[in-house]
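> sequence plus predicted model, see below.
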Amino acid sequence: MVITAVSSDGKALVVPITKLTNTKADDLACVLGNGNDGDHEFLHKPSYAFYEEASIWRVDQLTNCVRNRTFVAKQPASSKMLSRLQHGGRISKRIRPIHQRML
């Protein structure tokens, strides 16, 4: 999920969303899909933002991935969910500093 606005150099921060395993591997900085107000319709199971696997993408790369169906575009996240994802990135102990600075 793209969680930042596009930077001046055409890049954005992308964070995978994955299902909770209820183990210490889960990063609980931002838990989603528990019926929280503003959660996205694609969340069918309790999930979390996997900040450890965050990456920086150029917007043209993302656009190409949607065009060739590598990624499936969904409705934009609500501003509430986006704020929760960004806040989680700021407090996560597992996000790389370069990614955290984009928030």
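Perfect, I can see it now. Numbering: from 1, shown residues only.
> in its sheet, what does the worst-scoring helix or strand of the chain on mean pLDDT sit against?
Within the chain, no helix or strand scores below strand 31-32, which has a mean of 91 by mean pLDDT, DSSP states H and E. When pairs are called by DSSP bridges, strand 31-32 turns out to pair with strand 47-49 (antiparallel).
> off-centre distance for the strand it pairs with?
With C-alpha atoms, centre = their mean, to the nearest Å as the basis, strand 47-49 stands 8 Å off its chain's centre.
> who touches that strand?
Contact with strand 47-49 is made by 1, 3, 15-20, 26-33, 85, 88-89, 92, as judged by C-beta atoms under 8 Å, 6 or more residues apart in numbering. Quick note: C-beta positions are derived from backbone N, CA and C, even for glycine.
> at 6 Å instead, please
Strand 47-49 has contacts (C-beta atoms under 6 Å, 6 or more residues apart in numbering) with Val15, Ile17, Lys19, Leu20, Asp26, Asp27, Cys30, Val31, Leu32, Gly33, Leu85, Gly88.
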